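In: only the shape, not the letters, is given here:
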């Protein structure tokens with residue numbers, strides 16, 4: 001082999017080596033881009049899953065019934081209360097389903113929607129403002145289209161609060177919060193041969209916290225403000241944030257003191273979870 005041939009061979013090897021290096025760099029860069037794309041996809045997927053869990057971790061069903069055909073005047077406060085409470089709960093991280101002037105079908109569908117979304121980690125809240133009636137030992141939320149002439153009509157046309165609580169328990173809700181503003185003198189009870197005022201005691205099933213606007217068997221008159229006394233005080237304490245139990249108890253005490261004992265809300269608790277309102281809440 002002469003010198004010229006040796007020089008060509010060396011140049012050929014150098015060019016080949018350069019080409020191999022370039023190809024390796026391209027392959028490496030492509031692999032790196034693929035890994036980044038995969039990591040990004042995983043991040044997006046994780047964010048979506050985390051977001052969906054966060055969104056589903058707090059659910060609220062808010063029902064405000066105001067226009068009952070049998071009543072002498074509409075319950076305007078109930079509608080105002082439902083709207084204001086829905087807004088406040090959304091700020092506290094709840095996914096709210098609000099229903100106004102609900103018929104029996106509307107209420108059943110709303111409860112079924114809630115049922116379909118409850119998971120094991122869900123904090124669930126129910127609010128009802130309107131007319132309520134006790135039948136037997138249960139308290140019933142009345143839809144606006146209720147046709148009630150006797151006690152058995154209450155069971156047929158109403159929606160049992162205890163029944164909704166049992167559903168939440170069966171679905172495995174993490175905690176159950178209930179606010180019932182329905183201890184009003186209503187147009188139905190006087191039709192019964194023997195009737196009782198107000199609502200029956202609502203027992204707190206496992207891991208539940210319940211606030212009712214009056215003591216069992218008592219009725220309260222609506223004030224003249226935009227909101228009912230119960231919801232007005234509840235919103236004040238809810239906006240101040242804190243634990244759910246603290247918000248419920250502060251509301252009870254504020255109303256009891258302001259009314260000098262004429263209106264004493266009832267709080268019943270079997271909470272095992274530390275539930276908070278506000279951004280820091282769990």
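Out: Received, thanks. Note that the structure is predicted; figures quoted are calculated from it, not measured. Numbers count the residues shown, from 1 in each chain.
In: so where's the stretch 1-150 of the chain shaky on pLDDT?
Out: Flagging of the stretch 1-150 of the chain using pLDDT under 70 yields the residue ranges 1-56.
In: which parts of the protein are strands?
Out: 58-64, 95-100, 123-129, 132-135, 138-141, 159-160, 175-181, 208-212, 242-243, 266-269, 276-277 (DSSP state E).
In: nearest to residue 150, out of the ones you listed?
Out: strand 132-135 (9.8 Å; CB to CB). Where C-beta positions appear, they are placed from N, C-alpha and C, glycine not excepted.
In: can you give the contact residues for that closest one?
Out: By CB atoms under 8 Å, 6 or more residues apart in numbering, the residues outside strand 132-135 that reach it are 139-142, 148, 151-152, 154-155, 158, 161, 180, 182-184, 186, 188-189, 196, 198-200.
In: buried ones from the residues you listed, can you make that a ChimeraX selection?
Out: Here the buried members of these are turned into a ChimeraX selection, burial being counted by 16 or more other CB atoms under 10 Å:
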select :139,140,141,142,148,151,154,158,161,180,182,183,184,186,188,189,198,199,200
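In: contacts only, for the spatially most central residue of the chain.
Out: Most central in the chain under CA atoms, centre = their mean is residue 60, positioned 1.9 Å from the mean C-alpha point. When the contact criterion is CB under 8 Å, 6+ apart, the partners of residue 60 are 86, 89, 94-97, 124-127.
In: ok, residue 185 next?
Out: 197, 219, 221.
In: how near is it to residue 141?
Out: 16 Å (CB to CB, to the nearest Å).
In: same question for residue 264.
Out: Residue 264 is 21 Å from residue 141, by CB to CB.
In: now swap in residue 205 and tell me
Out: Distance of residue 205 to residue 141, given as CB to CB: 17 Å.
In: list the buried residues for stretch 72-85?
Out: 75, 77-82, 84-85.
In: quick one: that stretch to chain centroid distance?
Out: Counting by CA atoms, centre = their mean, to the nearest Å, stretch 72-85 is centred 19 Å from the centre of its parent chain.
In: was I right about residue 127 contacting residue 63?
Out: Yes. Using CB atoms under 8 Å, residue 127 is in contact with residue 63, at 6.7 Å.
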